[in-house]
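J.: could you look at this predicted model? Sequence included:
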Amino acid sequence: MERLVTSSLKLGIIAGGQLGKMLIQEASKWDIITYVLDNDEDCPAGKIASCFIKGNHLDFDSVYQFGKKVDVLTFEIENVNIEALKKLKSEGHRIVPDPEILELIQDKGLQKEFYKTNGIPTSPFTLCESETAIVQGIEKGDIHFPFVQKLRKGGYDGRGVAVINNRDDLKKMLPGPSVIEEKVEIIKEIAVIAARNRKGEIKCYPVVEMLFDPNANLVNKLICPSSIAVEQSEKATNFAGEIIELLNMEGLLAVEFFIDSKGGVIVNEIAPRPHNSGHHTIESIITSQFEQHLRAILNLPLGSTKLKLPSVMINILGADGYNGPVIYEGLTESMSIDGVKIHLYGKKITKPYRKMGHVTVLSSSLACALKKAEKVKQLIKVKSWKES
């Protein structure tokens, strides 16, 4: 186990969004020097980092030069220049999670093949190089309606996904190499965050249940603990631990699952970083996901994942029809409700469905937390002086 040297350790974070900001807030408790690479000088993490460096996370030179300045390099997004990370690794720089793991996860096709090879349950799939190949697959009878098209690279937060129910929907197909999945009849969507350090210690957080905004395809409510059966919860937790072990990964891995109509637990996607499905851990779990990520990448003992109180997390999203300098409504009224914890990310410009913050509602009972969360959801509105 390594020794944490707080006075000189330089932690580099590629991309400076809200995940980077919350990671820095935890790192500051240990007096860790933090560097952030981002193209936006007004990014949330850049304002509180020890050192902000302007640069593009997809540009080889920006990532390579940034990585040489720090002792440990991590990231808050998957879409990073892999070749730069590999060169840094070859020169002895510490990058966690490992670039090869990131490369696999960046490509949804490689992800699906990894699950198939290792016997991890996932929805049946076909890999297609183009829209033409998809149509040919339909004509040959290899692809059947309805199906879900996912671009192999670049998609996030609901982007890069098209649901094709019939021939009329073919016009919605996206250009580019894709994963074609059989459309699963989904009863619930859940997630488990697993952590692993270099020593091989693994800890998983309690299963959470996710409810999505139907327009933006973003999580708008997260419930912990989930209401699924104990057997399903155990399966999901075991699969999450198995995947992070198979990857031999150091860091945090968020695993999203579907519960299908037959009660089966199947893997949807994974993310090798702190995740929206773990924001509630800041208040409701003994060790937050951000502290756990630091513990894992620094090879420190992992912290307890015991639940302190039931919680409901809701995302604060930019209201439809507003685009410009942000104005928040309902914050004061929400703060008057017992157990409400508000996090604003510091984004100055709002856009429809942009993640502007989140609220975690804690209570002694889940029913009470859900009731309070619904009230907060009605109170808080994200608007702008300018309507789009």
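T.: Structure's in. What do you need?
J.: biggest helix in the protein, by residue count?
T.: helix 230-246 (DSSP state H).
J.: what angle do the helix or strand just after that helix and helix 230-246 make?
T.: Counting by DSSP states H and E, the next helix or strand C-terminal to helix 230-246 is strand 251-260. Orientation check (axes from the mean of the first three to the mean of the last three CA atoms, to 10 degrees): strand 251-260 against helix 230-246 gives 140 degrees.
J.: strand 251-260 - contacts with which helices or strands?
T.: strand 186-196, helix 230-246, strand 265-271, helix 289-297 (3 or more CB pairs under 8 Å, 6 or more residues apart in numbering; DSSP states H and E). All C-beta atoms are positioned from the backbone trio N, CA, C, and that covers glycine.
J.: given that strand, what are its sheet partners and their directions?
T.: strand 186-196 (antiparallel), strand 265-271 (antiparallel) (DSSP bridges).
J.: which of those strands sits most buried?
T.: strand 186-196 (a mean of 22; mean count of other CB atoms under 10 Å).
J.: pairing partners for the helix or strand following it, with directions?
T.: Where DSSP H and E defines the elements, the next helix or strand beyond strand 186-196 is strand 202-204. Neighbouring strands of strand 202-204 in its sheet, by DSSP bridges, are strand 186-196 (antiparallel).
J.: how about the helices in the stretch 101-250 of the chain?
T.: For the stretch 101-250 of the chain, helices defined by DSSP state H, counting those that start in this stretch occupy the ranges 108-117, 131-140, 230-246.
J.: please convert these to CSV, extending it with mean pLDDT, distance to Ser277 and mean neighbour count.
T.: Output for those, formatted as CSV (pLDDT from 0 to 100; distance: least, CB to CB, whole Å; neighbours: other CB atoms under 10 Å):
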stretch, mean pLDDT, distance to Ser277, mean neighbour count
helix 108-117, 97, 17, 18
helix 131-140, 95, 30, 14
helix 230-246, 98, 11, 18
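J.: out of those helices, nearest to His93?
T.: helix 230-246 (22.5 Å; CB to CB).
J.: now the angle from the closest one to helix 108-117?
T.: Using the same axes, to 10 degrees: helix 230-246 against helix 108-117 is 110 degrees.
J.: pull up the gap between Gly200 and Glu245, please.
T.: Look at Gly200 and Glu245: by CB to CB, to the nearest Å, they are 8 Å apart.
J.: let's have the helices of the stretch 101-250 of the chain in TSV, adding distance to Glu189.
T.: As requested, the helices of the stretch 101-250 of the chain are exported to TSV (distance: least, CB to CB, whole Å):
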stretch	distance to Glu189
helix 108-117	17
helix 131-140	25
helix 230-246	11
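J.: chain center to stretch 74-93: distance?
T.: With CA atoms, centre = their mean, to the nearest Å as the basis, stretch 74-93 stands 19 Å off its chain's centre.
J.: what residues sit buried inside that stretch?
T.: Using 16 or more other CB atoms under 10 Å as the test for burial, stretch 74-93 gives 74-82, 84-89, 93.
J.: cool, stretch 284-301 as well?
T.: So for stretch 284-301, counting by 16+ other CB under 10 Å, buried means 284-285, 287-300.
J.: same question for stretch 172-184.
T.: 173-174, 176, 178-181, 184.
J.: show me where pLDDT drops low in the stretch 1-150 of the chain?
T.: Applying pLDDT under 70 to the stretch 1-150 of the chain flags residues 1-6.
J.: also the stretch 251-388 of the chain?
T.: In the stretch 251-388 of the chain, residues with pLDDT under 70: 386-388.
J.: picking up where we left off before, of the buried residues of stretch 172-184, which is the nearest to Leu9?
T.: Val179 (39.0 Å).
J.: for that closest one, name its beta-bridge partners.
T.: Beta-bridge partners of Val179, as defined by DSSP bridges: Leu127, Lys150.
J.: ok, it - contacts?
T.: By CB atoms under 8 Å, 6 or more residues apart in numbering, the contact set of Val179 is 108-109, 112, 125-127, 149-150, 152.
J.: got the contact list for the closest residue to Pro310 other than its chain neighbours?
T.: Closest residue to Pro310 apart from its sequence neighbours, by CB to CB, 6 or more residues apart in numbering: Leu366 at 4.1 Å. By CB under 8 Å, 6+ apart, the residues touching Leu366 are 223, 225, 310, 312.
J.: from Ser227, how far out is Leu366?
T.: In terms of CB to CB, Leu366 sits 8 Å off from Ser227.
J.: ok, now Asn276?
T.: 20 Å.
J.: between the two, who's got more neighbours?
T.: Asn276 (20 against 11; other CB atoms under 10 Å).
J.: and the residue sitting nearest the centre point of the chain, what does it touch?
T.: By CA atoms, centre = their mean, the mean C-alpha position of the chain lies nearest to His275, the distance being 3.1 Å. Residues near His275 by CB under 8 Å, 6+ apart: 19, 191, 193, 252, 254, 289.
J.: if you set the cut-off to 6 Å instead, what comes out?
T.: Ala254 (CB atoms under 6 Å, 6 or more residues apart in numbering).
J.: same check, this time on Ile95
T.: 73, 85, 89.
J.: and the first one, how many neighbours does it have?
T.: For Leu73, the neighbour count with other CB under 10 Å is 27.
J.: likewise Asp107?
T.: 17.
J.: keeping just the C-alphas, turn stretch 93-109 into PDB.
T.: This file holds the C-alpha atoms of stretch 93-109, laid out as PDB (Å, rounded to 0.1, in the frame of the first residue of the first chain):
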ATOM      1  CA  HIS A  93       3.800   8.100 -16.100                       C
ATOM      2  CA  ARG A  94       1.000   6.900 -13.900                       C
ATOM      3  CA  ILE A  95      -2.400   6.900 -15.600                       C
ATOM      4  CA  VAL A  96      -5.400   5.500 -13.800                       C
ATOM      5  CA  PRO A  97      -7.600   3.900 -14.900                       C
ATOM      6  CA  ASP A  98      -5.200   2.400 -17.500                       C
ATOM      7  CA  PRO A  99      -5.400   3.700 -21.100                       C
ATOM      8  CA  GLU A 100      -6.100   0.200 -22.500                       C
ATOM      9  CA  ILE A 101      -9.200  -0.100 -20.300                       C
ATOM     10  CA  LEU A 102     -10.300   3.400 -21.400                       C
ATOM     11  CA  GLU A 103      -9.700   2.400 -25.000                       C
ATOM     12  CA  LEU A 104     -12.000  -0.700 -24.600                       C
ATOM     13  CA  ILE A 105     -14.700   1.300 -22.900                       C
ATOM     14  CA  GLN A 106     -14.600   4.100 -25.400                       C
ATOM     15  CA  ASP A 107     -15.800   1.600 -28.000                       C
ATOM     16  CA  LYS A 108     -19.300   0.200 -27.300                       C
ATOM     17  CA  GLY A 109     -18.600  -2.600 -29.800                       C
END
